[in-house]
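Asker: Quick check, what structure comes out for this input:
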Amino acid sequence: MAQRYVLAIDQGTTSTRCILFDQRARLVGVAQREHQQHYPRPGWVEQDALEIWRNVERIVPQALRDSGIAAEQVVALGIANQRETTVVWDRHTGVPIRRAVVWQDVRTDELVREFESRPGAERIRELCGLPLAGYFAAPRLRWLLDTIPGLRDRAERGEALFGTMETWLIWNLTGGPDGGVHRTDVTNASRTLLMNIASLAWDRELLEFFGIPGAMLPSIQPSTASYGTTSRVVPGIRIAAALGDQHAALFGQTCFARGETKCTYGTGGFLMMNTGRELVQSSHGLLTTIGYQIEPEPVYALEGPIAVTGSLVQWVRDNIGLVSSAPEIETLARTVEDNGGCYIVPAFSGLYAPHWRSDARGLVIGLTSYINKGHLARAVLEATAWQTREVVDAMNADSGLQARTLRVDGGMTSDNLLMQIVADVLDIPVMRPFVAETVSLGAAYAAGLAVGYWPDLEGLRSNWRLAGQWIPQMDPTHRQDEYDNWKRAVALTFGWSRSKR
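Answerer: As a prediction, this is how the structure comes out:
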């Protein structure tokens, strides 16, 4: 019998990848293409959904061809995607109404402030587990409905369809205008401000509050479900799973038990803690979300997104010229023993979890004539670590659980000094897996689990292999002193912007 494989599409913010995995979770084929980012106005971020679809049309056959694997050897396809990015398209033609509005986009800030003053705004978090913020999809969708002539009428007739990126790809893969399936998964739906976090269904009260026609919404499915069979690109492959990228990373890191926590370090940082079957409403600035759902019941999670981690390294490289390449930040930081009393809070456009302060702006504080480039480099790395500490503390407080380890993935985990600093400030071991592509692996795991390629969650756990581990070494008194200094620095960022929330 020919070897069988699982295929994953990872539709990310800057590129789309197709990766093939074997039964031991080894990567056996990969293809990737970047897509263009559009910035029509300050704070606006858009993408061409058709360009992304065309990239998928290219990379799926390429990954199979380059690895010498036939489509008949692929038992299932799983999709992971950038969350909250909003696409609206014509049901009959398959053409997007306009470019997709990306999760980083801030054009809806004024609209959100208007919503905050309306009756019923206080019910949002209770119903969907999320704060009323432009970070999520509903305000973007409402903005499109308000600004594109005739769109609301078309949406109410079901002629204009809404979806996040996995919905857009599933619809196209299963036929597009010719019978495409209009479905989303529960993790992506939980990021729209429109799904009831308890019932896992579109909530009538939320739809009325935001003024969203239900006819344009996809049906909500579990993370592992039958999403249809591909009829385009490479026909005949079963689409068996879909998850938002951070939920896929949680799954790929095999964080299946309550209290298990992961962080993905990329442009930003995304921490997620498995809270099991318990729906924990945060009182410490976190997001209540669905971790994943394997029928019948969902697994809930607490999430703390950090806006700026890796992008701070990019900023000091490109805008300041402190280093000429990202890896140099570790080398430079190792030239000193500590930060010299210098702290950098990268609130470039406000702070996300646990503060949610859009009025905050970044600062460098503690400068003296003693400070040199090494101290600044060290402060850059420590900014990511202390932001991680703030979120983990909030997770522990909300859940009543205690994170015992932190599983990490993403590009920044190649910085060994950073990982040691994270372990030091958290006072728990930090663990990096052998397979770095945890988002793609999580989508593959969910799809393979759905079709019996992997038998159960414990079978997936057995594939997890440790590549690196960092053990806390910091003196407890020094840790607390530094954390106190960090919190003082953060407080100084509040209120700088006059566009307060």
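Asker: only C-alpha atoms for contact and neighbour calcs from this point on.
Answerer: Fine.
Asker: now stretch 139-156: how far from the chain's centre is it?
Answerer: Relative to its chain's centre, stretch 139-156 lies at 26 Å (C-alpha atoms, centre = their mean, to the nearest Å).
Asker: swap in stretch 362-380?
Answerer: For stretch 362-380, the distance to the chain centre is 30 Å (C-alpha atoms, centre = their mean).
Asker: Under the pLDDT cut-off, which ranges of the stretch 351-500 of the chain? List them.
Answerer: Scanning the stretch 351-500 of the chain with the threshold set as pLDDT under 70 gives 499-500.
Asker: again, but for the stretch 1-150 of the chain
Answerer: 1.
Asker: need the contact list for Ala201.
Answerer: Applying C-alpha atoms under 8 Å, 6 or more residues apart in numbering, we find Ala201 in contact with 195, 220.
Asker: Please read off the pLDDT at it from the model.
Answerer: In this model, Ala201 is scored at 97, pLDDT.
Asker: any idea how far Leu207 is from it?
Answerer: Computed as C-alpha to C-alpha, to the nearest Å, the Ala201 to Leu207 distance reads 11 Å.
Asker: likewise Arg378?
Answerer: In terms of C-alpha to C-alpha, Arg378 sits 47 Å off from Leu207.
Asker: surely Arg258 meets Asn274?
Answerer: Yes. If you go by C-alpha atoms under 8 Å, Arg258 and Asn274 touch, sitting 5.0 Å apart.
Asker: just the strands in the stretch 201-350 of the chain please.
Answerer: 219-221, 239-244, 261-265, 269-276, 287-293, 298-306, 343-345 (DSSP state E, counting those that start in this stretch).
Asker: Could you do the stretch 1-150 of the chain as well?
Answerer: All strands of the stretch 1-150 of the chain, identified by DSSP E, counting those that start in this stretch, fall at 5-11, 15-21, 27-34, 46-47, 74-81, 87-90, 100-101.
Asker: so which of those comes closest to Ala436?
Answerer: strand 27-34 (10.1 Å; C-alpha to C-alpha).
Asker: Please report phi then psi for Arg83.
Answerer: phi -90, psi 160 (degrees, to the nearest 10).
Asker: Tell me which residues touch it, please.
Answerer: Here Arg83 is in contact with 103, 164-165, 188, 191, 244-245 (C-alpha under 8 Å, 6+ apart).
Asker: swap the cut-off to 6 Å and go again
Answerer: Residues counted as contacts of Arg83 (C-alpha atoms under 6 Å, 6 or more residues apart in numbering) are Gly244.
Asker: Could you check how far it is from Glu166?
Answerer: 9 Å.
Asker: same thing with Gly410?
Answerer: Per C-alpha to C-alpha, Gly410 is found 21 Å from Glu166.
Asker: So if I had to pick from the two, which one is more boxed in?
Answerer: Using other C-alpha atoms under 10 Å, the more surrounded residue of Gly410 and Glu166 is Glu166, with 26 against 21.
Asker: State the helix or strand in which that one lies.
Answerer: helix 165-173 (DSSP states H and E).
Asker: roughly how far out does the next helix or strand after that helix sit from the chain middle?
Answerer: Downstream of helix 165-173, the first helix or strand assigned by DSSP H and E is strand 183-185. Mean-position distance between strand 183-185 and its chain equals 16 Å (C-alpha atoms, centre = their mean).
Asker: Equivalent analysis for stretch 55-72, please.
Answerer: 26 Å.
Asker: neighbouring contacts of that stretch?
Answerer: 18, 29-31, 233.
Asker: Helices of the stretch 351-500 of the chain, start to end?
Answerer: 373-399, 416-426, 438-450, 457-461, 476-493 (DSSP state H, counting those that start in this stretch).
Asker: from the chain's centre, how far out does the longest one sit?
Answerer: Read that as helix 373-399. That offset, for helix 373-399, works out to 18 Å (C-alpha atoms, centre = their mean).
Asker: likewise stretch 442-449?
Answerer: Offset of stretch 442-449 from its chain centre (C-alpha atoms, centre = their mean): 17 Å.
Asker: Just the CA trace of it, in PDB.
Answerer: Taking C-alpha atoms only, stretch 442-449 is exported to PDB below (Å, rounded to 0.1, in the frame of the first residue of the first chain):
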ATOM      1  CA  GLY A 442      -2.100  21.700  14.100                       C
ATOM      2  CA  ALA A 443      -4.300  21.900  11.000                       C
ATOM      3  CA  ALA A 444      -2.900  18.600   9.800                       C
ATOM      4  CA  TYR A 445      -3.400  17.000  13.100                       C
ATOM      5  CA  ALA A 446      -7.000  18.000  13.300                       C
ATOM      6  CA  ALA A 447      -7.700  16.800   9.700                       C
ATOM      7  CA  GLY A 448      -5.900  13.500  10.200                       C
ATOM      8  CA  LEU A 449      -7.700  12.900  13.500                       C
END
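Asker: Do you know the pLDDT at the spatially most central residue of the chain?
Answerer: Centroid-nearest residue in the chain: Gln246, 4.1 Å away (criterion: C-alpha atoms, centre = their mean). Note on Gln246: pLDDT of 94.
Asker: Distance-wise, check it relative to Arg99.
Answerer: In this view, Gln246 and Arg99 are 24 Å apart by C-alpha to C-alpha.
Asker: Quick check: mean pLDDT of stretch 275-285?
Answerer: Mean predicted confidence for stretch 275-285 is 91.
Asker: Just give me how far that stretch sits from the chain centre.
Answerer: That offset, for stretch 275-285, works out to 18 Å (C-alpha atoms, centre = their mean).
Asker: circling back: so of the strands of the stretch 1-150 of the chain, which one's packed in deepest?
Answerer: strand 5-11 (a mean of 29; mean count of other C-alpha atoms under 10 Å).
Asker: Quickly run through the sheet partners of that one, with directions.
Answerer: Using DSSP bridges, strand 5-11 pairs in its sheet with strand 15-21 (antiparallel), strand 74-81 (parallel).
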